[in-house]
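S.K.: would you be able to build a 3D model of this:
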Amino acid sequence: EYSILSLKPDHLKDIFTLLDTLPSNLNLDVLGDKSDKAGKLYKAYRMKLVRSDQEALTYLFGDANHRNRYYRRVKSVLRTRVINTILGRNPDSNASQLQATFIETHKKATAAKILIVKGKRSAGTDLAEEALQVAVKFHLTDLIIELTKLLRDHYAISDNKKYSDYDSKLKNKWKDLESETLIDNYHQKLRMYLSQSKMPEIEAHEIAKDCFDKAKAIQEYHSSYQINYSAYRIYALYYQLIKDYAGLIRNCKDAISYFDQFDFDTGPTKRIFLLYLVPALISKRQFQEAANTIHKGLTISARGGHNWMAFQQYQIINSFYSGDFRAGYDVMEEIKQFKTYKRLAEEFRIYGAYLHFFALTGKLEAKSGRFKLAKFMNEVSLQEKDKKGMNVNLWILRILFLLQAKKWGAIIDQMENIQSYRYRHLRKDEATLRSDLFLKLLWLLPKHSFIQENVEREAAPLLAHLDAMPSNLMNHLDMEIVPYGKLWESVVELLL
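M.R.: Numbers count the residues shown, from 1 in each chain. From the prediction side, this is the model:
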C-alpha cells in the first residue's frame, strides 16, 4: 500500500501505482488532459509505451539539455493531477458500504478543515458535524477523534457548553482508540507469530493463549466495532491453532451475530468469519450446515471474485467430504467461465482429477471423458518448494489412476520415490502425519501383491491410527482434499 502523502515525485513507480487505481478509460478532463508533457506521459503509460524512468525520460525529451530537471517537474505535475483525480472520484462500484462511507466521510472531513483554514468557519463546522454523525454511525474511531477535536477547538472561543461536550467525547474516544490499537496489536502479533512455520507448537500455543486472554480482558470493559472485530479474529486463530473446532464454530457464530446488529452493511466483515466457519463445520462433519454457510458467503460476495471463488472451493471440498461428488462436479462446471478460475487452475485441475477418478470408479454419475495421467502431471506444474501441500495429491492421484487401470508394475515402480518423498517431507511435521500415514497405506499394496484380504489385514491398525488422528483441514485445505478414509475405500475396491 502506498501513502499519498509519502510519495516522492522522483519515484515514477509510485505514480504508476496510483495510476493503476484509476480505470484505464478515465475521462482525461478530470486529470487536466492538456497537450503538455504530463498529459503526454499519462497517455504513454496507458498505451504501455513507457514502464521506467529511463524510457519516460527518452520518450519525453530525447537527448535535450537539462532534461533531468524538466523531467522531475513533469512527474511532479502528473502526480498532483493523479492525486486530485483520486480524491475527486466516487468510490469504486464494487466497494462495500463501509468502504464507500469511509472514503466519502474522509473527503468531507478534509473539505471541512480546508473551509475552516480559509476562514469559512460556519460552513466548515456544519460540514464537520455532518461528517461526524456519519463517522459515529459507522464506528470510524480515528475520524471521530479528528472531527471531534476540530469542533472542540472551534468552539473553544465561542461556545463553552459545546466545547465541554466535545472535550468530554474526545476523552472517551481516546480511551476507545487506545483499546482498539492495543487489541489490534495483539491480533497482528499473533498473525505474525503463526506465520513462522518453524515455531515450536508449544510456544505458538502459549503466545496464542496470551493474546486470547488479553483480548478477553479488553473486550470485557470496552466495546466497539473494531475491538470486537480484532477480538473475534484472535479467538478464531487460537481455536484454529489448538484444533478446537467446536470452539471455533461457536466463536464465528457469535461474531456473525454481533455484526448482524448494525444498521449498515457488514458483509465484508461477516464474510471473514464465514470463511473460518466453513472448514470447521466440515471438520465436524456438519455438511449441510457447511453448505448453508457457503451459500450465505456466496450471496455476499461478488460473483466471479476471489471471495466468491474461495467459497466455491469450499463447496467442492464439502462435496468430497460429504460424498456428494455431484455437487462438486456441478460447481466445477459453473466456475470455468471466470478469470479467477484460471488463476487457480492448478488447484482446480487437481479437484477435477479426483472427480474424474470417482466417475471412472462409478461413484459419480457424469461423463468421465478422456484423462491422460502423463498430460495431467505435466500441466500441474506446482512450485518446487511446495513439498507438503498439493504435491501430496499428485502422488496419491498417480497411484489411484494406475490402480484403476490395473497397471501393477507401474505402481511398484513408483514406490521407491514415494518412500523417499515421505522420509524427506512428511514424517517430521505433525501437520503432515495423516498424509504420511496414507502414503504408508498405499505402500502396502505392492507389498501384498495387491491382494485385498492381505492388504486389509495389515492396514487395520494403520487405519485405526488414522481415524484417531485429528484432521487439519483448517490449516491444510490443500493437502487432504478428499478424506483419506474415503480414498482408502476406493483403493480397497480396486484390489484383487
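
S.K.: quick one: mean pLDDT over the top helix by length along the chain.
M.R.: If you go by DSSP state H, the chain has its longest helix at helix 160-194. For helix 160-194, mean pLDDT is 94.

S.K.: now do that helix: which elements does it pack against?
M.R.: helix 141-155, helix 201-221, helix 225-241 (3 or more C-beta pairs under 8 Å, 6 or more residues apart in numbering; DSSP states H and E). Placement of C-beta: from N, CA and C, glycine included.

S.K.: and among the ones you listed, the most buried is which?
M.R.: helix 225-241 (a mean of 23; mean count of other C-beta atoms under 10 Å).

S.K.: send me that helix as CSV with only the CA atoms.
M.R.: Included here for helix 225-241 are C-alpha records, laid out as CSV according to Å, rounded to 0.1, in the frame of the first residue of the first chain:
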residue,chain,number,x,y,z
TYR,A,225,-16.8,-2.4,16.1
GLN,A,226,-13.0,-2.6,15.8
ILE,A,227,-12.4,-4.0,19.3
ASN,A,228,-14.9,-6.9,18.7
TYR,A,229,-13.6,-7.5,15.2
SER,A,230,-10.0,-7.9,16.4
ALA,A,231,-11.1,-10.0,19.4
TYR,A,232,-13.1,-12.4,17.4
ARG,A,233,-10.2,-12.8,14.9
ILE,A,234,-7.8,-13.5,17.8
TYR,A,235,-10.2,-16.1,19.2
ALA,A,236,-10.6,-17.7,15.8
LEU,A,237,-6.9,-18.0,15.3
TYR,A,238,-6.5,-19.5,18.8
TYR,A,239,-9.2,-22.1,18.3
GLN,A,240,-7.9,-22.9,14.8
LEU,A,241,-4.4,-23.5,16.2
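
S.K.: helix 141-155 and that helix, what's the angle between them?
M.R.: 160 degrees (axes from the mean of the first three to the mean of the last three C-alpha atoms, to 10 degrees).

S.K.: measure how helix 225-241 sits relative to helix 201-221, angle-wise.
M.R.: Going by the same axes, to 10 degrees, helix 225-241 makes 150 degrees with helix 201-221.

S.K.: quick one on the thing from earlier: can you add distance to Arg46 and mean pLDDT and give the helices and strands packed on helix 160-194 back as a markdown table?
M.R.: Listed next are those as a markdown table, based on distance: least, C-beta to C-beta, whole Å; pLDDT from 0 to 100:
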| stretch | distance to Arg46 | mean pLDDT |
| --- | --- | --- |
| helix 141-155 | 34 | 94 |
| helix 201-221 | 46 | 93 |
| helix 225-241 | 38 | 95 |
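
S.K.: how about the contacts made by Pro446?
M.R.: Trp408, Ile411, Ile412, Met415 (C-beta atoms under 8 Å, 6 or more residues apart in numbering).

S.K.: mind listing what the last one touches?
M.R.: Listed by C-beta under 8 Å, 6+ apart, the contact set of Met415 reads Trp443, Pro446.

S.K.: how close does it sit to Leu439?
M.R.: 10 Å (C-beta to C-beta, to the nearest Å).

S.K.: ok, back up a step: export the helices and strands packed on helix 160-194 to TSV and tack on distance to Asn251?
M.R.: Converted to TSV, the helices and strands packed on helix 160-194 look like this (distance: least, C-beta to C-beta, whole Å):
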stretch	distance to Asn251
helix 141-155	23
helix 201-221	10
helix 225-241	5
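
S.K.: of those, which is nearest Leu445?
M.R.: helix 201-221 (32.7 Å; C-beta to C-beta).

S.K.: ok, the residue lying closest to Leu60 once chain neighbours are set aside to Glu220 distance?
M.R.: In space, and not counting its chain neighbours, Leu60 is closest to Lys37: 5.5 Å by C-beta to C-beta, 6 or more residues apart in numbering. Using C-beta to C-beta, we find Lys37 at a distance of 60 Å from Glu220.

S.K.: circling back: so the longest helix of the chain versus helix 201-221, what angle?
M.R.: 160 degrees.

S.K.: now helix 160-194, how far from the centre of its chain.
M.R.: The chain centre lies 26 Å from the centre of helix 160-194; the measure is C-alpha atoms, centre = their mean, to the nearest Å.

S.K.: what comes up buried for that helix?
M.R.: For helix 160-194, a neighbour-count test (16 or more other C-beta atoms under 10 Å) marks 163, 166-167, 169-170, 173, 176-177, 179-180, 182-184, 186-187, 190, 193-194 as buried.

S.K.: cool, and stretch 265-274?
M.R.: Thr266, Gly267, Pro268, Thr269, Lys270, Arg271, Ile272, Phe273, Leu274.

S.K.: those residues in helices, which ones?
M.R.: Using DSSP H, the buried residues of stretch 265-274 in helices are Gly267, Pro268, Thr269, Lys270, Arg271, Ile272, Phe273, Leu274.

S.K.: out of those, who's nearest Asp429?
M.R.: Once C-beta to C-beta is applied, the member of those that ends up nearest Asp429 is Ile272, at 27.3 Å.

S.K.: okay, the closest one: pLDDT?
M.R.: At Ile272, pLDDT is 96.

S.K.: contact partners for it?
M.R.: So Ile272 contacts Arg233 (C-beta under 8 Å, 6+ apart).
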